[in-house]
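Novice: just coords:
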């Protein structure tokens, strides 16, 4: 019998059917849909009810193709949330993490509550769009949502609630809020009190692989289907992607590559110390009680925004066309730090890149190929930088890098990443988050014994492309220049 994974990314979502036959995983895309934010006035929102509709379309497609579904689960991006009122209804459309309402919120909160205390309690890196800063910004703005709120649900929690009528908070996503205390293993009540946020908003926390209810009778009646069990998996999509890393060695480094790039390693206990805080690493929950010691990197968002800007000016390019143009451009002509704050918000990204280069004393890239090459080389070099920090913080030395996620379709980025780190890159599987979602469902059902058996099965089921490093001297010289112009040296 098949199981169904709904994997929602920051730009698109998909429903994938998974089948496990003779220790081989088969994955079939059933439904794919855009996930575009909606600008209303000064606010940027997620179209959450459209996502509910698309999930229903996935269930209907399974019905129309006579696919019997044994269970379903949802994973998505982190940090964003919605409120449920006392009447059980959604209060407002959730804000998008790139909305500007958190501009300055982090610095304002630090004036009231030291960063050292927040990190010591949560072990989570500081990013201005973290849930804690979103809630603080809502309080500062006297948002009417807060007066009406009865429950707080992260995006997958919220979508599960719409499907089942049950409200639960899942572990991997709860940790990303910067309101969860991994030492206590629960929401940090003292931190919530200091922030003036009611503890009663936050419910019980489900571990990945836990039953989270059944499809409600209203959904079943509407769609004409039987009820189906719904599981909590690692509902932060990075948690699911890391679960799907086909590592055979228990000491491994990973890069989940897509709109965001997330690099790190898997640890049994959170690493919460001064060095982790100074390096701005994070400790996010994973499968089987593990933690993902990692650092966020802006990722392919910068390239995606450039493409959108070119489309707005009437120039349409496919991603393969952009990659081909980069390959023809002059190497190492200009670099950016992809994590500079000027690249966070939507807008004219090519102009932002040129502005960054001017400000750092570099000749700005002008044509499309030069801009794309600047982005991809800068990402590869930033990966080397963060991999070194990961080794330093974890006390491990990694013999290569596992890359998973849709970004591995960009073979040039994979090859340049191997060149930059001077070690092999093992790329695959591309549908990492969805596969991680599926395997946790199978573990919960007893079809797979644990995460390590699952990783062996993934390794046997999906191809892994190996990229060996080339031109080490050129990339070493480029890395030194990258560090200098970005101020990372």
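Specialist: All right, it came through fine. Nothing here was measured: the structure is a model prediction, and the numbers come from that model.

Novice: per-domain residue ranges of this protein.
Specialist: Split into domains by automatic domain parsing, the chain comes to 2-232, 245-428+449-489.

Novice: Ok, which of those domains comes nearest residue 442?
Specialist: With C-beta to C-beta as the measure, domain 2-232 is the member of the domains of the chain nearest residue 442 (5.8 Å). Backbone N, C-alpha and C define where each C-beta goes, glycine included.

Novice: ok, residues contacting the strand or helix carrying residue 482?
Specialist: In the assignment (DSSP states H and E), residue 482 maps to helix 472-486. Residues outside helix 472-486 that contact it (C-beta atoms under 8 Å, 6 or more residues apart in numbering): 331-332, 335-337, 340, 360-362, 377-378, 381-382, 384-385, 419-420, 422, 469, 488-489.

Novice: List buried residues within those.
Specialist: 332, 335-337, 340, 360, 362, 377-378, 381-382, 384-385, 419-420, 469 (16 or more other C-beta atoms under 10 Å).

Novice: Select from those every entry located in helices.
Specialist: When the buried ones among the contacts of helix 472-486 are checked against helices (DSSP state H), the matches are 377, 378, 381, 382, 384, 385, 419, 420.

Novice: As CSV, those with distance to residue 285 and pLDDT would be great.
Specialist: Conversion of those to CSV gives the following (distance: C-beta to C-beta, whole Å; pLDDT from 0 to 100):
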residue, distance to residue 285, pLDDT
377, 33, 98
378, 30, 98
381, 30, 98
382, 25, 98
384, 27, 98
385, 25, 98
419, 33, 98
420, 29, 98
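
Novice: Residue 5: which of these is nearest?
Specialist: residue 382 (29.8 Å).

Novice: Quick one: residues contacting that closest one.
Specialist: Contacts of residue 382 (C-beta under 8 Å, 6+ apart): 297, 337, 338, 339, 482.

Novice: Quick one: neighbours of the last one, just the number.
Specialist: It stands for residue 482. 24 (other C-beta atoms under 10 Å).

Novice: One more: the first one?
Specialist: Using other C-beta under 10 Å, residue 297 has 20 other residues around it.

Novice: Show the pLDDT at residue 230.
Specialist: Listed pLDDT for residue 230 reads 98.

Novice: before we move on, which element is it in?
Specialist: strand 229-232.

Novice: Can you give the strand pairings for that strand, parallel or anti for each?
Specialist: strand 69-75 (parallel), strand 210-214 (antiparallel) (DSSP bridges).

Novice: Could you single out the most deeply buried of those?
Specialist: Each of those was scored by mean neighbour count; the highest is strand 69-75, a mean of 25, by mean count of other C-beta atoms under 10 Å.

Novice: show me where pLDDT drops low in the stretch 351-489 of the chain?
Specialist: Residues of the stretch 351-489 of the chain meeting the criterion pLDDT under 70: none.

Novice: Next, work out how far apart the residue lying closest to residue 226 once chain neighbours are set aside and residue 58 are.
Specialist: Nearest non-adjacent residue to residue 226, counting by C-beta to C-beta, 6 or more residues apart in numbering: residue 220, 6.4 Å away. Separation of residue 220 from residue 58 (C-beta to C-beta, to the nearest Å): 15 Å.

Novice: Same check on residue 94?
Specialist: 20 Å.

Novice: Residue 55 contacts residue 6, doesn't it?
Specialist: Yes: between residue 55 and residue 6 a contact is recorded at 5.6 Å, counting by C-beta atoms under 8 Å.

Novice: now the strands for the stretch 1-150 of the chain?
Specialist: 2-8, 12-21, 24-34, 38-40, 43-45, 69-75, 81-85, 90-91, 149-154 (DSSP state E, counting those that start in this stretch).

Novice: For the last one, which strands pair with it and how are they oriented?
Specialist: Spelled out, that is strand 149-154. strand 81-85 (antiparallel).

Novice: How far off centre is the partner strand?
Specialist: How far strand 81-85 lies from its chain's middle: 21 Å, per C-alpha atoms, centre = their mean, to the nearest Å.

Novice: Identify each buried residue in that strand, please.
Specialist: Neighbour-count burial for strand 81-85 [16+ other C-beta under 10 Å]: 81, 82, 83, 84.

Novice: export the ones in helices among the buried ones among the contacts of helix 472-486 to TSV and tack on distance to residue 235?
Specialist: As requested, these are exported to TSV (distance: C-beta to C-beta, whole Å):
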residue	distance to residue 235
377	34
378	31
381	32
382	27
384	30
385	29
419	35
420	32
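
Novice: Tell me the one of those residues nearest residue 233?
Specialist: Closest to residue 233, out of all of these and judged by C-beta to C-beta, is residue 382, at 29.2 Å.

Novice: Tell me the spacing between that closest one and residue 360.
Specialist: Distance from residue 382 to residue 360, by C-beta to C-beta: 15 Å.

Novice: about what we covered before: phi, psi for the residue nearest to residue 226 please.
Specialist: phi -60, psi -40 (degrees, to the nearest 10).

Novice: That one: neighbouring residues, count only.
Specialist: 15.

Novice: Surely residue 412 touches residue 377?
Specialist: No: taking contacts as C-beta under 8 Å, residue 412 lies outside contact range of residue 377: 9.7 Å.

Novice: At which residues are the strands of the stretch 351-489 of the chain located?
Specialist: Using DSSP E, counting those that start in this stretch, strands in the stretch 351-489 of the chain cover 401-404, 425-427, 465-467.

Novice: Indicate each strand paired with the longest one and its parallel or antiparallel sense.
Specialist: For strand 401-404, the pairing partners within the sheet under DSSP bridges are strand 253-257 (parallel), strand 425-427 (parallel).
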